Each structure stands twice: as C-alpha cells, then as structure tokens.
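# give me coordinates for this.
(chains A and B)
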Amino acid sequence: MAARAPVRYGGAVSTPAIQLDALTKRFGSRTAVNAVTLEVPRGCVYGLVGPNGAGKTTLMRTMLGFTPASSGSATILEQRMPRGRAIVYPRIGVIIEEPRFYPFLTGRENLGQIVAARPEEVSRDGVDRALATVDLADRADDRVKGYSLGMRQRLGIARALLHDPELLILDEPSNGLDPPGIRDMRLLLRSLADSGRTVFVSSHQLAEMELMCDHVAVLKDGAIVAEGAVSDLTGPGAGGDGVAGATGRTILIGVTDVVAARSALESHGLVATVVDAPDPSCLHVTLVADAPADASATLNELLVGAGVRVGRLERVTRTLEQRFLEIVE
Amino acid sequence: MMADLLLYRRMRGVFWGLLVGGVLGVTTLFMLAVTVPAQLGWYADQTVRDLGGPASVAGGGFSILAIVATLAVVILGATAGSVDHQRGVLRDLVLAGRSRQRIVLGRVAGAAVLAAVVLAVGAAIVVSCAVAMPPVDSSVNWGRIAHEGLAYVPTLGATLLFSTGVALLVGSRGPAIAIYFVVSLLIDNVLRSLPTIGEWWEHVSYSAADNQVHQWIRTSGEETFDRSGWLALVVLVAWGVVALAAGLARLSRRDL
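Numbering: from 1, shown residues only, chains lettered A, B, ... in the order given. Sure thing, here's the model as predicted:
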C-alpha cells in the first residue's frame, strides 16, 4: 500500500515522518494499543506521554515492526511497516526501553558491533563523533558493566546517532540521567530537530517534554486521548478540546475590594463565572467561550471604572503536567 | 568476522577459562602426565608398553582433547545462538540493517573459527608431546595420527550447529547446554535401547552416528571402506543442520 498524499506542515509540503492509521496491538484479550492514529511532521520533536502501562513502548515496537500489529497500519519515512523495514531501519535511530549492551565489551567496542553490521555507512570517526556528542569519549574504553545507568543511556543515544539518522525514535531517553544530563539531552534533541531531523520521544518527565517538544500526544489505555501542539495544550487556548474545562479562559485578578469587584464582574457579558481564589484578595474569573483576546483589558477598565484598584491580572495557564493529570485522571 | 571474534575474545570465562584453561590446559596436563613420567622411568615396563608409541599416545591425547572440546563447543554454540538475544542487543543489530539469520550465522562462524584455532593448538600440543616424548620409541605414523585427530572433527562440527540451534529455539544459553547433554547422552541412548523403536532409532541416532563416523575416519585407509560411514556422516550433519534451521526459523518469528 502506498503512502498517503503529501500534506502541508508550516507552509512546506512533505509527507509525515511517521503516520499511524488505526494501529492496534492486542495480546490475547488485552488491547495494548487501541486504534492509534497520528501523524508526526518532519523536523519537529513529537512527544508521547502517558502513565505507566499506557502502551507507549508497545506502540513504538509495533510501528517499528518488532512485533506484528493486530490491525491498522504504520508508515515510517514513506515506507509501510514492517514490509519496508530494510529501507527504514538504516535511516532511523532507535532506543526502546533501557538500552542494552554487551557488558564485557567497552563502550567503543559495543558501538563497533553496530559498525561491523554497516561498515559502509559508519566510520571510526563516526564512532568518536557519536561518543563525543554524548560526552562519553573519556570513558569509551571502559567496560560497559562499569557504566552507570545514565552512562548506558548516553551510550544508547550514541548508538542511535551513529549513522546520522533522519528520524530518532526514543523511549524514555532521559531515564537515569542527572539534571545536567537531562538538560543536555533536551538541548541535543532540540538541536537535532532544528537541523531538520525528526524526533519521536516518549518520557515521563513532563516539564522536559514541555520545554523540548513541538507536539505532544497523550496516550491512555492504549488510545490517544489528547494531541496537539504543546502551546495549544498548555497555553491560553488549552481546554478548548473539552477535556479539561475552561483552563485557558481563566483569569486571576487581585483587587483591593473583592466584594465590589465580584459585583462588577458577575454582571458583565464577558464573564461566565467568578469564584474565590486561594488568595483572599484574588478572584478566579472564567471568560465566556467566545471572549475576545483583549478581554483582560476590558475587565481591567471595568474594575477601575467601578472604583476597584487592580493589583494583579494574569491569564491562568496549565503546565503540561497539570494538563496531563487532568486528562489521565 | 572480527567483531564476532572480539565478542568471544572479551568473554573472559569462555576464552580464558574454557578455551585456554580448560581445553588447552587439561590437554597439556594430560600429555605431560603421560609422557614425562614415562621418559623419567617412573612407570612400570608393562605400563609403558601399554601406553605405546607416538600414534597411540596421540590417540589418547586426542580423546581427552575431544572430551573437553565437546564441552567447549557446546558452550560456544549455545553462546552463538543466544548472546545477542539474551543481552538484548539483537534488536539493535537488526536495526543496523543486518538480517537476524546473518547475525547468527556470523556468530556461528566466529565460534567455529575460534574453536578451530584452539583445537589446532591443542592438537599441536598433543602431537608435539606424543612425537617428542613417546613412552615406546617407535617410528612416527603420521597418517594414523592424522586420522586419530580428524575423527573428532565431524562430531565437534555437528555439536556446534546442534547447540546453536537449540539455543536459538529456547533463547537462552544455560537451558540450551542442558538440553544438548540430556538429548545426546540420555534421551538418544534410551531410545536406542527400547525394543521396537530402538531398531529404527539406531539409524538416526546421534550417538550411534557419532560412533560410526569416528570409527570410520579412524580406520579409513587401513581397513575396508565402509559405505555406512557416509550414511552416518549424513545423519550426524543432519542433526546439526536441522537443529540450526529450526532455530533460525524460530528466530525469524521472535518478537524483538
């Protein structure tokens, strides 16, 4: 089956790096991946988040052809999987679950085993470059059995980067990394995306995902329950998907006279609800669904006109973590 | 091939413990224990006569080498068939663009080369001791010595393939080693001893084929040509090839 027609992303015409169409994986009566449909645009960092057991790893394994799909289809780099794996595998870098190595070999020798499988594509310089990229050059000649979890993780990234892949598929790449390592990982993946590569990454570190990803899909019980640009999920527009109520339409207003402010606000047409905030000098004001972008300024004028001094006025946004918890709980 | 050899070379237990210490060490100790006391006159005359000349001593040395080498080859074969899967690296090697079958066959080839080198060194130790310090000083029959040594080669080759195939089927080294010995030493001989099945099983028995091939190669050139030797060789090779083919088929369907 041929790949779908090209689609437009950010003005450029290109096919998605990953295209899943109702991809389903069942183990007996249990459905681990339930009709997942998504498209990963090229040149972005696309995050996959979900609670433990949501099916993130199974989704990755299934789309890569490591385990047969029960139904649906996966297309990677315009190749239908698993039929096109001989073409796709040399063009992608993958970490699924914890990266595994021969513990009795050094880090460099472990990468050498991969180089031996594709000598025409990876040189010795390529090994050195990959090791330097993950800051492991000085421990490259130590046996892997002496590596910490974070070092193994970095070696796994080096292995995935060996042949300069177009697409990286990484399952929890920050596992075991210390805070500087997590930051470096984020910067590395971000720079790879900025240079045109595509990164499809799953992680539990939602703050990192928020900083790193352009798009995020939330997986729960094997199905996608929310998906979109990170700014849409967390910013002022968040909640428009009906999942989390009025998240992006809420304004926190700090005033000198709460009673007078409440009285003025409740009768205004832009205001849907007014409730007390945890801070007794503040109110949470939820705007109506079709409130204009400058509604905050309008309310400020309203309160000043009513003789109420406004000390604080800010849009309430959610972090990705808050949105995630709202969605999955 | 170099990457495959490096893998075994870095397994200290397999390389230093099993191949160098086990195969070469035990063989060297045996040969020295036989030849040096005989040279020093520590044995009784009858014992020296029983030990015989170079070919006879070499035959004894080869039998010890073969016993230890069989254990080593079983472990090497089981390692070849399981190391990538058990270490969780098979997926990454497949992602590197090499087929699962090619990965395993590379490991088998590496194990075969390593085993061949170790066996060649072991054979050189046996022959050197047997020729340089024979208990009974007689002329060296190079043809007989060669036959004594080569008689074990088909068995060791089949053993390597058989244990690799079993490891691919079960996906783990330890159980594969155990299954090899249970099948070849126990089940095979039990089936041979059964009244009705035994007669039929004798034609395809691993140990029967092994014995026949061994005797055939040892005596070929000296005694009448035995046509059944070829058939036994086919049976022996078939054990290894069928097990390896079944293991590769299982591997191709295994989830990564």
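# can you pull the residues of chain A lying near chain B?
Residues of chain A found near chain B (Cβ under 8 Å from any Cβ of the partner chain) are A:61, A:66-67, A:86, A:89-90, A:92, A:94, A:96, A:99-105, A:109, A:112-118, A:121, A:159. To be clear about C-beta, it is placed using only N, CA and C from the backbone, and glycine gets the same treatment.
# what about 6 Å?
By the rule Cβ under 6 Å from any Cβ of the partner chain, the part of chain A lying against chain B is A:66-67, A:89-90, A:94, A:100, A:102, A:104-105, A:113-114, A:116-118.
# now chain B against chain A: closest residue?
Closest to chain A within chain B is B:G88: 3.0 Å, counting by Cβ to the nearest Cβ.
# residues in contact with that residue?
By Cβ atoms under 6 Å, 6 or more residues apart in numbering or on different chains, the contact set of B:G88 is A:R100.
# SS state for it?
On the three-state scheme (DSSP: H, G, I helix; E, B strand; the rest coil), B:G88 is labelled coil.
# circling back: farthest-apart pair in the residues of chain A next to chain B, please.
Comparing every pair within those by Cβ to Cβ identifies A:T67 and A:F104 as the most remote, at 28.6 Å.
# for the one helix or strand in chain B whose mean pLDDT sits lowest, packing partners?
Lowest by mean pLDDT, DSSP states H and E among the helices and strands of chain B is helix B:45-51, with a mean of 80. Here helix B:45-51 touches no other helix or strand, going by 3 or more Cβ pairs under 6 Å, 6 or more residues apart in numbering or on different chains; DSSP states H and E.
# repeat that for 10 Å
Helices and strands touching helix B:45-51, by 3 or more Cβ pairs under 10 Å, 6 or more residues apart in numbering or on different chains; DSSP states H and E, are helix B:26-39, helix B:54-86.
# might one say that B:T35 is in contact with B:V57?
Yes - counting by Cβ atoms under 10 Å, B:T35 touches B:V57, with 6.7 Å between them.
# these two: who's more crowded?
B:V57 (26 against 22; other Cβ atoms under 10 Å in any protein chain shown).
# tell me how far that one lies from A:L155.
52 Å (Cβ to Cβ, to the nearest Å).
# residue ranges with poor pLDDT in chain A?
A:1-13, A:119, A:121-122, A:235-248 (pLDDT under 70).
# centroid-nearest residue for it?
A:G47 (1.9 Å; Cα atoms, centre = their mean).
# excluding its backbone neighbours, what's nearest whatever residue of chain A ends up closest to chain B?
Closest contact between chain A and chain B, by Cβ to the nearest Cβ, is at A:R100 (3.0 Å). Nearest in space to A:R100, with sequence neighbours left out and distances taken as Cβ to Cβ, 6 or more residues apart in numbering or on different chains, is B:G88 at 3.0 Å.
# so what's B:S220 scoring on pLDDT?
Looking at B:S220, its pLDDT reads 74.
# ok, it - contacts?
Applying Cβ atoms under 10 Å, 6 or more residues apart in numbering or on different chains to B:S220 gives the contacts B:H147, B:L150, B:A151, B:D226, B:G229.
# and the pLDDT at the residue of chain B closest to chain A?
For B:G88, the predicted pLDDT is 89.
# cool, and B:L156?
94.
# what's the answer for the one 10 residues further on, then?
pLDDT recorded at B:V166 is 96.
# spit out the contact partners of it.
With Cβ under 10 Å, 6+ apart, B:V166 has these contacts: B:74, B:77-78, B:81-82, B:172-173, B:175-180, B:183, B:243-244, B:246-247.
# return the residues of chain B in contact with chain A.
B:1-4, B:6-7, B:9-15, B:83-84, B:86-99, B:102-103, B:106, B:253-256 (Cβ under 10 Å from any Cβ of the partner chain).
# out of the helices and strands packed on helix B:45-51, which is closest to A:V40?
helix B:54-86 (29.5 Å).
# now the closest one, how far from the centre of its chain.
Here helix B:54-86 shows a centroid-to-chain-centroid distance of 4 Å under the convention Cα atoms, centre = their mean, to the nearest Å.
# now do B:R254 against A:R42, distance only.
In terms of Cβ to Cβ, B:R254 sits 32 Å off from A:R42.
# okay, those two: which has more neighbours?
Ranked by neighbour count (other Cβ under 10 Å), B:R254 and A:R42 place A:R42 first, with 19 against 13.
# returning to that earlier point: which of the contacts of B:S220 sit farthest apart?
Using Cβ to Cβ, the pair of the contacts of B:S220 lying farthest apart is B:L150 and B:D226, separated by 15.7 Å.
# where along the stretch 51-200 of chain B do the helices fall?
For the stretch 51-200 of chain B, helices defined by DSSP state H, counting those that start in this stretch occupy the ranges B:54-86, B:90-95, B:100-132, B:142-150, B:153-170, B:173-181, B:188-193, B:197-204.
# packing partners of the second one?
I take that to be helix B:90-95. helix A:85-88, strand A:92-95, helix A:107-117, helix A:149-161, helix B:54-86, helix B:100-132.
# which residues does the second one contact?
Right, strand A:92-95. A:17-18, A:60-61, A:64, A:66, A:76-77, A:85, A:130, A:153, A:156-173, A:175, A:192, A:197-202, B:91-92, B:95.
# list the strands paired with that strand, with their directions.
Counting by DSSP bridges, the strands paired with strand A:92-95 are strand A:167-171 (parallel).
# picking up where we left off before, which residues are in contact with the residue nearest to the centre of chain A?
Taking Cβ under 10 Å, 6+ apart, one finds A:199-203, A:205-206, A:208-210, A:212-218, A:230, A:320 in contact with A:G47.
# narrow these to those in helices?
A:L206, A:E208, A:M209, A:E210, A:M212, A:V230, A:L320 (DSSP state H).
# which among the residues of chain B next to chain A count as buried?
The neighbour-count test (16 or more other Cβ atoms under 10 Å in any protein chain shown) marks B:3-4, B:6-7, B:9-11, B:14-15, B:83-84, B:86-98, B:103, B:106, B:256 as buried among the residues of chain B next to chain A.
# distance of the residue of chain A closest to chain B from A:A158?
14 Å.
# between these two, which one's more packed in?
A:A158 (27 against 20).
# thought that one was touching A:R139?
No - with contact defined as Cβ under 10 Å, A:A158 does not count as touching A:R139 (11.3 Å).
# shared neighbours of those two, anything?
Common neighbours of A:A158 and A:R139 (Cβ under 10 Å, 6+ apart) are A:G107, A:R108, A:L131.
# list the contacts of the first one.
When contacts are counted by Cβ under 10 Å, 6+ apart, A:G107 is found next to A:101, A:127, A:131, A:134, A:136-137, A:139-144, A:146-147, A:151-152, A:154-155, A:158-159.
# which stretches of the stretch 151-256 of chain B have low pLDDT?
In the stretch 151-256 of chain B (pLDDT under 70), the answer is B:221-226.
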